[in-house]
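# sharing a model prediction with you, sequence too.
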Amino acid sequence: MNPQNRVEAEGLGDDVLDRLISEEAGERMAELMRQARRAQNAWHRSRDPDEGLRERKRRITRQLISDAATVMFAARGFDNVRVSEVADRVGVSEKTIYNYFPTKESLVLDTADEAIEELARALRERRRDESLTEAVVRAIKADMGRFDQAPDELIAFTPAFADMVDSNPSLRAAWLEIHDRLAQVAREELAAGAEVDPRDPEPMVAGHALAGLARVAFQSRVHHIEAGLRGPELREAVVADLDRAARLLETGLWSFNLLTHGRRSRQQLLDAARAAEDARAQVVKALRQARAAWAQLRRTGRVG
């Protein structure tokens, strides 16, 4: 068996990736990504303790290929690296790459399918006393766990990753397409729960609003990383921003929540209305605090 076939039969090994990263970005980056892979594997095992050997091997191989491609793209530019080059460097065929990733862009945005499925499951399996917004926020917070144990030095590269996606037309288009898919999944799940046409305006706008919470979480992470936050403080800041955005949505979606939960008693309707009013008051308070903080920043000359 030749070396390439052996790699494809046994799965891509850490040593191949470490050598590639060392050559492209230095030994320190290779060590950081080793730490990140260990944290990722621990996170996946905690979420799926019954994962079979075959599934685990496929997941790890997929992650290694994505890591290798992302490092090459970051070092040379997304448009300057062909998929065939990624295949050559990691020792697999180009066909194997496409078996794991349908497009070049998905090599970078490699967790999209998993995130979309998690959102659908959260809406589909939510508790009777859980609102639509709460279910989506729960799914996003659970997904954030994949970043919690990553080395701080690696987390610091998140804004650069966001810039790479935002500045490249094909990556940006793929990123927007992912959010459209999230919105579509949310719309269909909401419509099914409420027994209405998914083309109706209510599930359409609600789906886009709920999918937007994922973007809020990501942009918040970038913002707070740029501000210097790391570790538990970073997570707390992102969660706080996510909760603020969710409260704003909750004030508009509470009537849709009633519809998806079916018939309710008069008291339940009153309780839901009261909860929505409380959420609205919290939104107004948060906005006033944010406006005061922004005004203070402008007075001290810390913003333009």
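Arrived safely.
# find the nearest non-adjacent residue to residue 130, please.
Spatial nearest neighbour of residue 130, chain neighbours left out: residue 138 (7.6 Å); criterion: CB to CB, 6 or more residues apart in numbering. Backbone N, C-alpha and C define where each C-beta goes, glycine included.
# my read is that that neighbour contacts residue 121, right?
No: using CB atoms under 8 Å as the test, residue 138 is too far from residue 121 to be in contact (10.5 Å).
# give me the pLDDT value at the residue nearest to residue 130.
pLDDT for residue 138: 94.
# quickly find the element holding it.
Per DSSP states H and E, residue 138 falls inside helix 132-148.
# repeat that for residue 150.
Going by DSSP H and E, residue 150 is not in any helix or strand.
# dihedrals phi and psi, the residue lying closest to it once chain neighbours are set aside?
Distance criterion CB to CB, 6+ apart; nearest residue to residue 150, sequence neighbours excluded, is residue 36 at 4.8 Å. The phi and psi values for residue 36, taken as degrees, to the nearest 10, are phi -60, psi -40.
# all helices of the stretch 51-200 of the chain, in order?
Listed in chain order, the helices of the stretch 51-200 of the chain (DSSP state H, counting those that start in this stretch) span 53-76, 83-90, 94-100, 112-124, 132-148, 152-155, 158-167, 169-194.
# tell me the helix or strand right after the last one.
Next along the chain after helix 169-194, taking DSSP H and E as the criterion, comes helix 201-226.
# state the mean pLDDT of the helix or strand just after that next one.
Counting by DSSP H and E, the element after helix 201-226 in chain order, helix or strand, is helix 231-260. In this model, helix 231-260 carries a mean pLDDT of 83.
# for the stretch 151-300 of the chain, give me the ranges with low pLDDT.
254-277, 279-280, 282-284, 286-287, 290, 294 (pLDDT under 70).
# go with 90
151, 153-154, 189-203, 205-206, 247-300 (pLDDT under 90).
# sorry, back to before: among the helices of the stretch 51-200 of the chain, which comes closest to residue 219?
Nearest to residue 219 among these is helix 158-167 (8.1 Å), distances taken as CB to CB.
# returning to that earlier point: just so I know, which of the helices of the stretch 51-200 of the chain lies nearest residue 248?
The nearest among the helices of the stretch 51-200 of the chain, by CB to CB, is helix 132-148 at 9.3 Å.
# for that closest one, packing partners?
Secondary structure elements in contact with helix 132-148, counted by 3 or more CB pairs under 8 Å, 6 or more residues apart in numbering; DSSP states H and E, are helix 27-47, helix 112-124, helix 201-226, helix 231-260.
# now tabulate these in CSV and tack on distance to residue 101.
Shown next, in CSV, are these (distance: least, CB to CB, whole Å):
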stretch, distance to residue 101
helix 27-47, 17
helix 112-124, 10
helix 201-226, 20
helix 231-260, 27
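# between those, which one is nearest to residue 87?
Nearest to residue 87, of these and by CB to CB, is helix 27-47 at 19.2 Å.
# what angle sits between that closest one and helix 132-148?
Relative orientation of helix 27-47 and helix 132-148, computed by axes from the mean of the first three to the mean of the last three CA atoms, to 10 degrees: 140 degrees.
# if we can go back for a sec, out of the helices of the stretch 51-200 of the chain, flag the one nearest residue 251.
That would be, of the helices of the stretch 51-200 of the chain and by CB to CB, helix 132-148, which comes in at 9.7 Å.
# what residues does that closest one touch?
Defining contact as CB atoms under 8 Å, 6 or more residues apart in numbering, one finds that helix 132-148 is touched by 39-40, 43, 47, 111, 115, 118-119, 121-123, 126, 130, 155, 186, 190, 206, 210, 213-214, 217, 221, 235, 238-239, 242-243, 246, 249-250, 253, 256-257, 260.
# of all the residues in that helix, which ones are buried?
Of all the residues in helix 132-148, those buried under the rule 16 or more other CB atoms under 10 Å are 132, 133, 134, 135, 136, 137, 139, 140, 143, 144, 146, 147.
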